[in-house]
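Student: Need a 3D model of the sequence below.
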Amino acid sequence: MMFFNDSVTRLHLRRTALLAGFFIGGLGVVRAELPVVEGSMPEDYLPGLKPILQAALKQAPQMILSEITTVQAEATQLQQDAQRYPNLGATLQYTNGKSSVSGSASSKDNGLLYNLGVSQSLFQWGAIRNQSEIARIGVLISQKNHAEAYRLFAASLRTQYMALIAKKAGLVGVNFRLKISDAALEVEKAKLANGAISQGELVSPTLTLDEARLAVDRAMQDYEHSRRLFAHLVGYAEFEDSLIPAEIGKPAFSVATSESLLALLRRDNAEGTFTAQVAAMNVRSADLGYKIAKVRLLPKVYANAGISQVNSTTATGVRIPVTDKASGKEVKDADGKTITEVQKPSTTAINSQSMSVIATWSIFDGFATRGAKMTALATKRYYERILQNQVLLTLDNAQNLQKTLVINARALELTERRMQLVEAALNHVREEAKLGNVPQAAVDETASAFYTYQSVLATARAAFLSSWSDFVSLAGADPAMNYLPARYVH
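Tutor: Down below sits the predicted model:
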């Protein structure tokens, strides 16, 4: 356990390098080539499992929901990025209005009117850029969470699929027990008919048969229910019994491979795991949030420009002299008075253009900026602690899984040897029965024990492969992650 103390020290020293590596290298951690695990995973022993893992990524309800959160994060990024681009707006309307002043002038506004404007943020001390970067990190976090969700989901699917196989193997044993119980009762009924036994002696074999039927019904109900749940989990309409094998092949286990995976995980200080990457990105996001908070009270500069047109017709009601077009002189009436007429309406198209640069300055906001900076710093410290704890827990879990695997491999080997003994005993009893040395009942009892132990062996193999799958997945070497698009993993 001494490596945990070392890892804490290394974590503090390497955190800056870790964050830089994430964002310079597309949030990918460069790792040495992992040991080959193909051929040792559950889907390698159970070929039908591989298409299930691939299909579940696209159609499992749990993964669809996870994918939706990624789309939501991408939409948020678009909204934040929009602040970095010009904002263009326009209005276009057709109007027919009139206004007047009693005894004086009147005017009409009619025709097409328009207004076109554009605005652009010029300088905000990097706040908008940092907001956009936070949104981009949010997308990356969502993608990493999606990858982590699939990693855990794939491990769960393997476990449940192999549990179905073990339950199917168990059905063989209980059905065989039902068969021999039924046969035993028929023998007792024949004895009763011959007068060899009394009616009361049928109670025990009848009860044994009823118990055997109950065991079959219970096991079948459990198996069918688990099969339906598995179908819902993967996103299938149904999951047929034919898709579930009758047995699991004997697993192979390499202690050296498990030690190599653990050594690589320790060397990288578990920083390549999705959860560690998410914690590191949250640290970076909080740091950007602090930078944004620091400039809240600084001046912000914007630019605006616009163009518009208004059509106006004006009539003032003023009377003006009538002039002769030829001479240009005023026209008189018979009494020598100048003839006047009301001034004709005038129509004007008013066009306007504007351009401005605006600076806004929030001088005091009631200590809201101080609160925002305190929140950002606390959030950063929070995720730094999350990162540290996640690294330690991952290393601890990986070490425990590796040691447990070594022990379980020994236990599975003992179970395999015990199964060989049971199988040898069954073959021996069958040979003795052929020679007439033992009754058929002895063969049936030995066969029943054999089928029961087959279920025990299937369960043991499933448990071991499930543990191995969990360890490989935690170490970052799960082949199922290759089914994900590269942007989620690298």
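Student: use CA for all of it now, contacts and neighbours both
Tutor: Noted.
Student: Show me where the protein has its helices.
Tutor: Remark: helices assigned in the chain by DSSP state H are 2-24, 42-45, 49-59, 61-81, 127-193, 203-234, 255-267, 274-294, 368-434, 440-474, 486-489.
Student: can you pull the buried residues of the third one?
Tutor: Right, helix 49-59. Neighbour counts over helix 49-59 (16 or more other C-alpha atoms under 10 Å) mark 49, 52, 53, 54, 56, 57, 58 as buried.
Student: show me what contacts residue 198?
Tutor: Listed by C-alpha atoms under 8 Å, 6 or more residues apart in numbering, the contact set of residue 198 reads residue 192.
Student: distance of it from residue 204?
Tutor: According to C-alpha to C-alpha, to the nearest Å, residue 198 stands 12 Å off from residue 204.
Student: of the helices of the chain, which approaches residue 35 most closely?
Tutor: Residue 35 lies closest to helix 255-267 among the helices of the chain, at 6.4 Å (C-alpha to C-alpha).
Student: which secondary structure elements does the closest one contact?
Tutor: Secondary-structure packing of helix 255-267 (3 or more C-alpha pairs under 8 Å, 6 or more residues apart in numbering; DSSP states H and E): helix 368-434.
Student: Quick one: distance of the helix it packs on to the chain centre.
Tutor: Relative to its parent chain, helix 368-434 has a centroid offset of 23 Å by C-alpha atoms, centre = their mean, to the nearest Å.
Student: same deal with stretch 133-152?
Tutor: Remark: stretch 133-152 is offset 7 Å from the chain centroid, using C-alpha atoms, centre = their mean.
Student: Same question for that stretch: list its buried residues.
Tutor: Neighbour-count burial for stretch 133-152, counted by 16+ other C-alpha under 10 Å, picks out 133-148, 150-151.
Student: Name the nearest residue to residue 64, sequence neighbours excluded.
Tutor: Spatial nearest neighbour of residue 64, excluding adjacent residues (C-alpha to C-alpha, 6 or more residues apart in numbering): residue 58 at 6.9 Å.
Student: Looking at that neighbour now. What's its pLDDT?
Tutor: pLDDT for residue 58: 93.
Student: again, but for the one 3 residues further on
Tutor: The predicted structure scores residue 61 at 95 on the pLDDT scale.
Student: for residue 486, same thing?
Tutor: For residue 486, the predicted pLDDT is 86.
Student: CA atoms only for stretch 353-373 - export them in PDB, please.
Tutor: Provided in PDB are the C-alpha atoms of stretch 353-373 (Å, rounded to 0.1, in the frame of the first residue of the first chain):
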ATOM      1  CA  GLN A 353     -27.000  55.700 -41.000                       C
ATOM      2  CA  SER A 354     -25.200  55.300 -37.700                       C
ATOM      3  CA  MET A 355     -22.000  53.900 -36.300                       C
ATOM      4  CA  SER A 356     -21.000  53.900 -32.600                       C
ATOM      5  CA  VAL A 357     -18.500  52.400 -30.200                       C
ATOM      6  CA  ILE A 358     -19.900  52.000 -26.700                       C
ATOM      7  CA  ALA A 359     -18.100  51.300 -23.400                       C
ATOM      8  CA  THR A 360     -20.000  50.100 -20.400                       C
ATOM      9  CA  TRP A 361     -18.500  49.900 -16.900                       C
ATOM     10  CA  SER A 362     -20.100  48.300 -13.900                       C
ATOM     11  CA  ILE A 363     -18.300  50.100 -11.100                       C
ATOM     12  CA  PHE A 364     -19.900  48.400  -8.100                       C
ATOM     13  CA  ASP A 365     -22.100  45.400  -8.000                       C
ATOM     14  CA  GLY A 366     -22.700  44.900  -4.300                       C
ATOM     15  CA  PHE A 367     -19.800  42.400  -3.900                       C
ATOM     16  CA  ALA A 368     -21.300  40.000  -6.400                       C
ATOM     17  CA  THR A 369     -17.900  39.800  -8.200                       C
ATOM     18  CA  ARG A 370     -16.200  38.900  -4.900                       C
ATOM     19  CA  GLY A 371     -18.800  36.100  -4.400                       C
ATOM     20  CA  ALA A 372     -18.300  34.800  -8.000                       C
ATOM     21  CA  LYS A 373     -14.500  34.700  -7.500                       C
END
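Student: Any idea which of the helices of the chain gets closest to residue 325?
Tutor: Closest to residue 325 of the helices of the chain is helix 61-81 (C-alpha to C-alpha; 66.3 Å).
Student: and that closest one with helix 49-59, angle?
Tutor: Counting by axes from the mean of the first three to the mean of the last three C-alpha atoms, to 10 degrees, helix 61-81 lies at 40 degrees to helix 49-59.
Student: Can you get me the centre-to-centre distance for helix 61-81 and its chain?
Tutor: Offset of helix 61-81 from its chain centre (C-alpha atoms, centre = their mean): 9 Å.
Student: what inclination does it have with respect to helix 127-193?
Tutor: Calculated by the same axes, to 10 degrees, helix 61-81 forms an angle of 170 degrees with helix 127-193.
Student: buried set for helix 61-81?
Tutor: If you call a residue buried by 16+ other C-alpha under 10 Å, then helix 61-81 has these buried ones: 62-64, 66-67, 69-70, 73-74, 76-77, 80-81.
Student: about what we covered before: now do the residue nearest to residue 64 against residue 65, distance only.
Tutor: Residue 58 is 11 Å from residue 65, by C-alpha to C-alpha.
Student: one step back: closest one of the buried residues of helix 49-59 to residue 167?
Tutor: Using C-alpha to C-alpha, residue 49 comes nearest to residue 167 of the buried residues of helix 49-59, at 16.3 Å.
Student: Could you check the pLDDT of that closest one?
Tutor: The model reports residue 49 with a pLDDT of 96.
Student: neighbours of the spatially closest residue to it that is not a sequence neighbour, just the number please.
Tutor: In space, and not counting its chain neighbours, residue 49 is closest to residue 43: 5.1 Å by C-alpha to C-alpha, 6+ apart. Applying other C-alpha atoms under 10 Å, we find 20 residues neighbouring residue 43.
Student: Surely residue 43 touches residue 52?
Tutor: No: Residue 43 is beyond contact range of residue 52, at 9.5 Å (criterion: C-alpha atoms under 8 Å).
Student: So residue 148 is in contact with residue 272, correct?
Tutor: No: Residue 148 is not in contact with residue 272 according to C-alpha under 8 Å; the separation is 11.8 Å.
Student: roughly how far apart are the residue nearest to residue 77 when sequence neighbours are not counted and residue 300?
Tutor: Leaving aside its chain neighbours, residue 77 sits nearest to residue 135 (4.7 Å; criterion: C-alpha to C-alpha, 6+ apart). Going from residue 135 to residue 300 by C-alpha to C-alpha gives 21 Å.
Student: just residue 207 next, same as before
Tutor: From residue 207 to residue 300 the distance is 88 Å (C-alpha to C-alpha).
Student: burial measure for the nearest residue to residue 181 once chain neighbours are set aside, as a count.
Tutor: Nearest non-adjacent residue to residue 181, counting by C-alpha to C-alpha, 6+ apart: residue 209, 5.1 Å away. Number of residues near residue 209 (other C-alpha under 10 Å) recorded here: 21.
Student: Show the contacting residues for residue 209.
Tutor: Residue 209 is in contact with 178, 181, 182, 185, counting by C-alpha under 8 Å, 6+ apart.
Student: next one: residue 366
Tutor: For residue 366, no residue meets the contact criterion (C-alpha under 8 Å, 6+ apart).
Student: and what of residue 465?
Tutor: Neighbouring residues of residue 465 by C-alpha under 8 Å, 6+ apart: 41, 42, 251.
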